[in-house]
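Peer 1: Sequence first, predicted model second:
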Amino acid sequence: MLTSHEQELREMRDWVITGDEIEIRRDQRLGEGAWGIVYRGKFQGCDVAVKEIHPIIMSDRNRQLFEREVDIASRCRHPCLLQFIGATTGERPLLVTEIMECSLRARLYDQTDPLLSDPEITTIALDVAKALNYLHQKRDPIIHHDISSGNVLLRRQGDRWRAKVSDYGTANFVRQSSINYAGNAVYCAPESVHEDPSKPISCKVDVYSFGVLLCETCTRQEPNPQQRRRQIDMIRNDMFKNLVRNCVKEYPGMRLDMGSVIQELENP
C-alpha cells in the first residue's frame, strides 16, 4: 500500500518503487561501500543488485538529498553507466540497479586471476572514460567525485571484461553526509583534499581519479599518494604511463579532459 508521500513521488518521478516489490537476499551480500550494503536481490522476477542505505546517513535533509541525486541518476543513460532501475523512499531507502559479475577491485586483487592484458586494460579504461565523458558533457555537467576500482563493475563479454561506472548519482549525496568518506581519499585530486582558490573543483577531479585508477589497473597496487611517482614508473606500457601522467597533473588546467583521454586510448 503506497503512502500519500510515495503516491505523490510516483506521480512526479517514475523511478519510485515500493519495498514489497523487492526481494533482498541477505545471505548473498555483494559488498559494502561508503553509503550502503549491496545484496543480491530480485525485482519483478529478475536478478538485481539492491543497495540498502546505512542508517547513520539518514536524516530528513539527507533523505531529500538522496532523492535529488537518485532523480539525477534516473536521467542518466549510457551503455557504460550501471543501469539504474529504481529506488524506495522509506526510512532506510533501497536502490535497485542491474547486477554485474564483480568489481574491478575484486578482479585486480584476486591472486588466482592473471594480470589483465593491455587490450583488456584498454577496453576497461575506455568504458570508464566514455561514462565520465558522458557525465561531463551533459548540459549541467555531473562530477562523479568517487571514481575508484570499487565503483567500476565488470561483466565478461566474449574474451574480455567490459566495465560500467556505478554510484554516479549518489557520490555527492555521500560527500554531504556525516559518514567518514576518507576511504577513497587515495584517488582524490589535490583540490578535493585541500581547498585552494587557484584550483577550483571541476570535472578535472574525475580526470585525476581516472589516472589513479588506470595506474592501479596497470600495476595491481593499491593507490598511495606518497608513492604515486614510483607507482607510475612501474607501468610497463608507455602509452598508459604517459596517459596517467597527463591525468594526474597537480593543476587542473594542465590535465587532459575525458574527450582527449578517449582519443589517446583509441589511437595509441
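Peer 2: Alright, I've got the coordinates. Values in this document were obtained by computation on a predicted structure and should not be read as measured data.
Peer 1: ranges for the strands of the stretch 151-268 of the chain?
Peer 2: Taking DSSP state E, counting those that start in this stretch as the criterion, the stretch 151-268 of the chain carries its strands at 152-157, 160-165.
Peer 1: do you know how far D118 is from S103?
Peer 2: The gap separating D118 from S103 is 21 Å, by CB to CB, to the nearest Å. Placement of C-beta: from N, CA and C, glycine included.
Peer 1: The two: who's more crowded?
Peer 2: Shown here are D118 and S103; by other CB atoms under 10 Å, S103 has more neighbours (22 against 14).
Peer 1: Is that one bridged to anything, and to what?
Peer 2: Taking DSSP bridges, one obtains L153 as the residues bridged to S103.
Peer 1: My guess is it contacts W161. True?
Peer 2: No. No contact is recorded between S103 and W161 when judged using CB atoms under 8 Å, the distance being 11.0 Å.
Peer 1: Between those two, which contacts overlap?
Peer 2: With contacts taken as CB atoms under 8 Å, 6 or more residues apart in numbering, S103 and W161 have L154 as neighbours in common.
Peer 1: Phi first, then psi, for the closest residue to I37 other than its chain neighbours.
Peer 2: Computed as CB to CB, 6 or more residues apart in numbering, the closest residue to I37 that is not its neighbour in sequence is E52, at 5.2 Å. As for E52, its main-chain torsions (degrees, to the nearest 10) stand at phi -110, psi 120.
Peer 1: can you tell me which residues contact E52?
Peer 2: Here E52 is in contact with I24, G36, I37, V38, Y39, R92, L94 (criterion: CB under 8 Å, 6+ apart).
Peer 1: Give the helix, strand or coil label for the third one.
Peer 2: Okay, so that is I37. strand (DSSP: H, G, I helix; E, B strand; the rest coil).
Peer 1: Quick check: it vs E67, distance?
Peer 2: In terms of CB to CB, I37 sits 20 Å off from E67.
Peer 1: Any idea what L94 is bridged to?
Peer 2: E52.
Peer 1: Look up how far R26 lies from it.
Peer 2: Going from L94 to R26 by CB to CB gives 12 Å.
Peer 1: just T88 next, same as before
Peer 2: From T88 over to R26 the distance is 16 Å, taken as CB to CB.
Peer 1: ok but E23 is inside a strand, no?
Peer 2: Yes. Counting by three-state DSSP, E23 falls inside a strand.
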